[in-house]
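>>> Sequence plus predicted model, see below.
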Amino acid sequence: MKNITRSFTALGVALTATHTLAAQFPYNDPDIPKPYAQYEQINAYEAWELQDQFATDTIKVGVTDTGVKDIADLAEIIRDGYDFFNFDDTWSDDEIGHGTKVASVIGAVANNEIGIAGIARKVKIVPMQIAIPGKNSVASGAQVDAVIYAEQNQIPIINASTYGYLEVPYLVDAIKNYYGLVVFCAGNEGTDLNVEPYHPQVDKVPNTIIVGGTDIDLNNRYNYGAEFVDIGAPARGIITLNPQGTAAPTSGTSFSAPLVAGTLAAMLSINPKLTSAELKEMLLKSAKKIPALETYYRNGNFLDVSAALKAAAESAGYNTTPIFAENSIERVKPVGLNRFSVFTKDNKVFVKDRVSGKVWGLNGNSM
Ligand SMILES: [Ca+2]
Ligand SMILES: [Ca+2]
């Protein structure tokens with residue numbers, strides 16, 4: 001066991017766990033690395049706690065990709081899949097594995113002792129195969145149909161880890177007519193999108209979010225352009241699940257986009273009343289502003305999942321103010337698998353259930 005200090009939040013409280021908690025936090029999913037620098041960089045652990053506390057609605061996310069295999073860590077959250085390339089129900093024959101990996105980043109079931117944990121806790125994945133069977137390339141017509149389907153079936157978020165189209169007027173029109181948000185990756189060549197004008201990444205469609213990617217040291221390594229790329233996120237060493245259910249580190253902006261799509265789903269699950277425009281504005285406003293990334297991403301935006309979820313919670317009227325300060329914590333002690341006790345310096349004791357998110361004071365009242 002490594003000696004690490006992990007920050008987490010209970011009832012909006014910033015706590016600092018000692019190393020004795022590291023093996024158990026944040027969840028029991030065995031293939032999450034401990035520590036997992038990429039998730040810590042975007043404050044994902046704290047974001048899980050915020051969802052335990054505030055998330056109410058379950059949000060559908062369409063994954064326009066190679067299909068999504070219904071592996072054990074995803075099966076229970078998959079709904080209403082369709083193959084828009086073959087016009088049939090073979091959405092699960094994901095031979096390439098790209099869509100399964102993307103889906104696992106968005107919403108792999110947390111705390112189920114299997115695989116990993118995705119960003120969003122209350123989410124359903126809608127597999128939308130748009131790829132040519134057995135190939136890593138997609139049909140833009142199938143992507144158009146998938147967007148129209150999402151509009152007709154009230155799917156508020158689409159993850160589109162696709163790029164490289166030279167011209168897609170019909171897709172741009174379909175997205176403009178869609179009430180939700182489409183999250184696109186920026187692409188992987190490390191080129192300026194002003195020079196390499198991939199569509200619809202450069203079309204500035206209001207309800208798209210274009211996601212670039214960095215390594216763990218926050219160096220941009222992928223396609224960029226502050227005029228087009230809305231936000232950056234980790235893109236190297238993201239742990240994903242393949243169609244065999246095996247976890248492995250994966251790289252590319254294809255896996256940055258679902259970090260953002262999962263965040264949007266989590267925000268909506270906390271405040272389902274947010275419009276797409278409000279959601280996008282809130283996400284970008286809550287992002288860290290990193291001067292070194294200003295030439296790559298709009299305002300140097302870098303994903304902060306926890307800040308985005310706090311903004312969503314506050315917009316729904318929840319109070320995210322800590323009930324006691326981080327420096328008032330004396331120690332934290334695990335109680336069984338899913339609960340822990342917090343002892344404060346002024347001799348108060350709290351118990352938190354990590355599954356329900358409920359916190360009890362010493363007098364047993366649920367808070
Ligand atoms: Ca298929
Ligand atoms: Ca899991």
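Nice, thanks for sending it over. Ligands and ions are numbered 1, 2, ... in the order given.

>>> Tell me the pLDDT of the closest residue to ligand 1 within the stretch 151-300 of the chain.
Closest to ligand 1 within the stretch 151-300 of the chain is Pro243: 12.3 Å, counting by C-beta to the ion. Quick note: C-beta positions are derived from backbone N, CA and C, even for glycine. For Pro243, the pLDDT comes out at 98.

>>> Do a quick rundown of the helices in the protein.
For the chain, the helices defined by DSSP state H occupy 37-41, 44-54, 98-107, 140-152, 169-176, 257-270, 276-286, 305-315.

>>> orientation of the fifth one relative to helix 140-152 in degrees?
Pointing back at helix 169-176 there. 20 degrees (axes from the mean of the first three to the mean of the last three C-alpha atoms, to 10 degrees).

>>> Would you pull up how far helix 169-176 lies from the middle of the chain?
24 Å (C-alpha atoms, centre = their mean, to the nearest Å).

>>> Please save the CA atoms from it in PDB.
Output in PDB follows, covering the C-alpha atoms of helix 169-176 (Å, rounded to 0.1, in the frame of the first residue of the first chain):
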ATOM      1  CA  PRO A 169     -23.400  20.000 -44.000                       C
ATOM      2  CA  TYR A 170     -26.100  17.500 -43.100                       C
ATOM      3  CA  LEU A 171     -24.500  16.600 -39.800                       C
ATOM      4  CA  VAL A 172     -24.100  20.200 -38.900                       C
ATOM      5  CA  ASP A 173     -27.800  20.800 -39.700                       C
ATOM      6  CA  ALA A 174     -28.900  17.800 -37.700                       C
ATOM      7  CA  ILE A 175     -26.900  18.900 -34.700                       C
ATOM      8  CA  LYS A 176     -28.300  22.500 -34.900                       C
END
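
>>> Show me what that helix is packed up against.
helix 140-152 (3 or more C-beta pairs under 8 Å, 6 or more residues apart in numbering; DSSP states H and E).

>>> So what's the residue count around the residue of the stretch 151-300 of the chain closest to ligand 1?
Neighbourhood size, Pro243 [other C-beta atoms under 10 Å]: 21.

>>> before we move on, back to that, weakest of the helices of the chain by average pLDDT?
helix 44-54 (a mean of 88).

>>> buried residues in it?
44-54 (16 or more other C-beta atoms under 10 Å).

>>> Check stretch 165-177 too.
By neighbour count with 16+ other C-beta under 10 Å, stretch 165-177 contains the buried residues 165, 168, 171-172, 174-175.

>>> Could you give the number of residues near the residue in the stretch 51-200 of the chain that ligand 1 sits nearest to?
Closest contact between the stretch 51-200 of the chain and ligand 1, by C-beta to the ion, is at Thr90 (3.4 Å). Thr90: 15 surrounding residues under other C-beta under 10 Å.

>>> for the one 5 residues further on, same thing?
The criterion is other C-beta under 10 Å. On that basis, Glu95 has 13 neighbouring residues.

>>> Could you pull up the residues touching the residue most central in space within the chain?
Nearest to the geometric centre of the chain sits Gly262, at 2.7 Å (C-alpha atoms, centre = their mean). By C-beta atoms under 8 Å, 6 or more residues apart in numbering, Gly262 lies in contact with 61, 105-107, 118-120, 123, 305.

>>> Scan those residues and report the most crowded one.
Top of the contacts of Gly262 by neighbour count (other C-beta under 10 Å): Ala120, with 33 neighbours.

>>> give me phi/psi at it?
phi -90, psi 130 (degrees, to the nearest 10).

>>> ok, it touching Leu268?
No: Ala120 lies out of contact with Leu268 (C-beta atoms under 8 Å); the separation is 9.0 Å.

>>> low-scoring stretches of this protein, by residue?
1-26, 321-327, 337, 353-367 (pLDDT under 70).

>>> Spell out which parts of it neighbour ligand 1.
83, 90, 93, 129 (C-beta under 5 Å from the ion).

>>> Going by distance to ligand 2, which of the buried residues of helix 44-54 wins?
Trp48 (11.8 Å).

>>> where do the strands sit along the stretch 1-150 of the chain?
Under the criterion DSSP state E, counting those that start in this stretch, strands of the stretch 1-150 of the chain are mapped to 6-10, 13-17, 59-65, 82-83, 123-129.

>>> what's the fourth one packed up against?
Taking 3+ C-beta pairs under 8 Å, 6+ apart as contact, the helices and strands that strand 82-83 lies on are strand 123-129.

>>> sorry, back to before: which one of the residues of the chain next to ligand 1 sits in the busiest neighbourhood?
Gln129 (30 neighbours).

>>> State the distance from that residue to ligand 2.
23 Å (C-beta to the ion, to the nearest Å).

>>> partners of that residue in the sheet?
Asp65, Asp83 (DSSP bridges).

>>> Leaving out sequence neighbours, find the closest residue to Val123.
Gly107 (4.0 Å; C-beta to C-beta, 6 or more residues apart in numbering).

>>> what sits against the one you found?
61, 74, 77, 118-121, 123-125, 262, 265.
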